[in-house]
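Enquirer: give me a model of this one.
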Amino acid sequence: MPTLPTAPRSTREEAAATFALAWPLILSNLAANAITTTDVLMLGRLGPEPLAAAALAVNLYNLLLLTGVGLSVAISPMIAGALGRRKGAARDSRRSFRMGLWLVTFYATIATALLAFAEPLFLLLGQEPKLSRDAGEFMDVLQWALWPTLLGFLMRNLLTAFSRAWVPLVVALGGVALNAFLNYGLIFGHFGLPRLGFEGSAFATVITNIAMLALMVLAAARLPRLRMMHLFGHWWRADWPRFKELAKLGIPISLTWSFEVGVFSAAVVLMGLIDTTSVAAHVIALQLAALMFMVPLGLSQAATVRVGYGHGARDLLWVTRAGRVAIAFALVFSLASAAIMWLFPGWLAALFLDMSKPDSAAVLALAVQFLLIAAVFQFADGAQVVGASILRGLHDTRVPMFFAAFGYWAVGIGVGAWLAFETPLRGRGIWIGLALGLAIVAVLMLWRWSRREKLGLVSAAAH
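Expert: The predicted structure is shown next:
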């Protein structure tokens, strides 16, 4: 049997448990960000056209990938709740994991088929024929990374629910090294590997994610407390009630993630309607904001599990402590990240620019303005991701999905577009809209969390 979680005796004990679970997840998120950064740096050496084609393909791939990741996230609160209930934990966890495999595989089959039509889709969206053709060739390879990557996220959520977050961290660090090695070797033909040009980066992504998945499967099969659960036993056996339960929980999570990812993709399109300088400045500010976001994201992943334990145990005090600790951690880090962005915006933005080029000064000046706005919305960004995650620990995903749709699109894009094109704010208006949208979502998520008992989201405590 796995080691079952026990209720914390104090807020300090809960804080220690949350931090112990969160820090490997944070580092894993940073490692994943490093893999993406490596791809960009390597492809950038080939020139702007290969980089643009790969970026076009990767943006579409990531949209479908992150939508599928939302489905895999559903097993975290399901397994955490089973462990919190204690009785029948092994059987319930095995059922959830097995149907998680089915759900992710079903989605990956459809999504991979859609990615096969990337070139005509890009042409339909008005992209240049050569760029669309090159992006389609890149996608012909990259699409095969989708299924192993999604299964890798499923394994990561499984291991996190069992408080084995160190395993994905070790695997992710190895993935960074392997991806860098394969990128350099396959793009440029080093280390005796074939020179494949920009498609070499796609092959590197496929191979790296297959290797990372294999290592996590091996760990789950070898770790004593997981091995005895026979997680992969009878994986072919259908369990439709559990499949339906996972889909009911996971589909709103997927749509919530799609709304958030999509709003930033839409912001890029809006920036393109202004000018190239705005696009470049936006990409820089967004990359820095995304890097900072890895910390509250890791905290939120830990929060889902900790709240899920308390929810499964029907312990209101545990649920409350886990939620409060997660919110406090997120706000403290948000204060630190906001201070960094506010005090050093020019230095941070300059890291992405060659200041010897004549157009870099204008990009830097605008990126600094965007970063100052991003500094303000650090609080909202941390609060909204943690707010959604602690509600997820209570299996509450449907209403938060509507909060995300309203905040990100009606407010974020709606207000941002109006400020950008109806006032002199231009690109700054888009960032103000994004900040306002994040703030609205954060307020709505935390308001719902504050009313969790009145809304019947938690059961009476069992003492």
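
Enquirer: buried stuff in the lowest-mean-pLDDT helix or strand in the chain?
Expert: When the helices and strands of the chain are scored by mean pLDDT, DSSP states H and E, helix 224-227 comes last with a mean of 70. Neighbour-count burial for helix 224-227 flags Leu226 (criterion: 16 or more other Cβ atoms under 10 Å). Backbone N, C-alpha and C define where each C-beta goes, glycine included.

Enquirer: same for that helix, what does it pack against?
Expert: If you count contacts as 3 or more Cβ pairs under 8 Å, 6 or more residues apart in numbering; DSSP states H and E, helix 224-227 packs onto helix 199-222.

Enquirer: so for the helix it packs on, what gets flagged as buried?
Expert: By neighbour count with 16+ other Cβ under 10 Å, helix 199-222 contains the buried residues 199-213, 215-216, 219-220.

Enquirer: now do the buried residues in the helix or strand encompassing Trp342.
Expert: Element membership for Trp342 (DSSP states H and E) is helix 316-343. By 16+ other Cβ under 10 Å, the buried positions in helix 316-343 come out as 316, 318-323, 325-327, 329-330, 333-334, 337-338, 340-341.

Enquirer: same check, this time on stretch 15-30
Expert: Buried residues in stretch 15-30, counted by 16+ other Cβ under 10 Å: 15, 17-18, 21-30.

Enquirer: next, format these as JSON lines and append distance to Gln384 and secondary structure.
Expert: JSON lines is the format used below for the buried residues of stretch 15-30 (distance: Cβ to Cβ, whole Å; DSSP: H, G, I helix; E, B strand; the rest coil):
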{"residue": "Ala15", "distance to Gln384": "21", "secondary structure": "helix"}
{"residue": "Ala17", "distance to Gln384": "23", "secondary structure": "helix"}
{"residue": "Thr18", "distance to Gln384": "18", "secondary structure": "helix"}
{"residue": "Leu21", "distance to Gln384": "20", "secondary structure": "helix"}
{"residue": "Ala22", "distance to Gln384": "17", "secondary structure": "helix"}
{"residue": "Trp23", "distance to Gln384": "21", "secondary structure": "helix"}
{"residue": "Pro24", "distance to Gln384": "23", "secondary structure": "helix"}
{"residue": "Leu25", "distance to Gln384": "18", "secondary structure": "helix"}
{"residue": "Ile26", "distance to Gln384": "17", "secondary structure": "helix"}
{"residue": "Leu27", "distance to Gln384": "22", "secondary structure": "helix"}
{"residue": "Ser28", "distance to Gln384": "21", "secondary structure": "helix"}
{"residue": "Asn29", "distance to Gln384": "16", "secondary structure": "helix"}
{"residue": "Leu30", "distance to Gln384": "20", "secondary structure": "helix"}
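
Enquirer: can you redo these as TSV with pLDDT?
Expert: Shown next, in TSV, are those (pLDDT from 0 to 100):
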residue	pLDDT
Ala15	92
Ala17	89
Thr18	90
Leu21	86
Ala22	88
Trp23	87
Pro24	88
Leu25	85
Ile26	88
Leu27	87
Ser28	84
Asn29	82
Leu30	84
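
Enquirer: shaky segments in this protein?
Expert: Within the chain, the segments meeting pLDDT under 70 span 1-4, 40-41, 43-49, 51-52, 227-230, 276, 352, 354, 459-463.

Enquirer: could you list the domains of it?
Expert: Residue ranges for the domains of the chain, per automatic domain parsing: 1-238, 251-463.

Enquirer: Glu245 is nearest to which of these?
Expert: domain 1-238 (7.5 Å; Cβ to Cβ).

Enquirer: okay, the domains of the chain in JSON lines with distance to Lys244 next?
Expert: Formatted as JSON lines, those follow (distance: least, Cβ to Cβ, whole Å):
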{"stretch": "domain 1-238", "distance to Lys244": "9"}
{"stretch": "domain 251-463", "distance to Lys244": "11"}
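
Enquirer: what helix or strand does the spatially most central residue of the chain sit in?
Expert: What sits nearest the mean C-alpha location of the chain, by Cα atoms, centre = their mean, is Leu66, with 6.5 Å. Element membership for Leu66, per DSSP H and E: helix 48-73.
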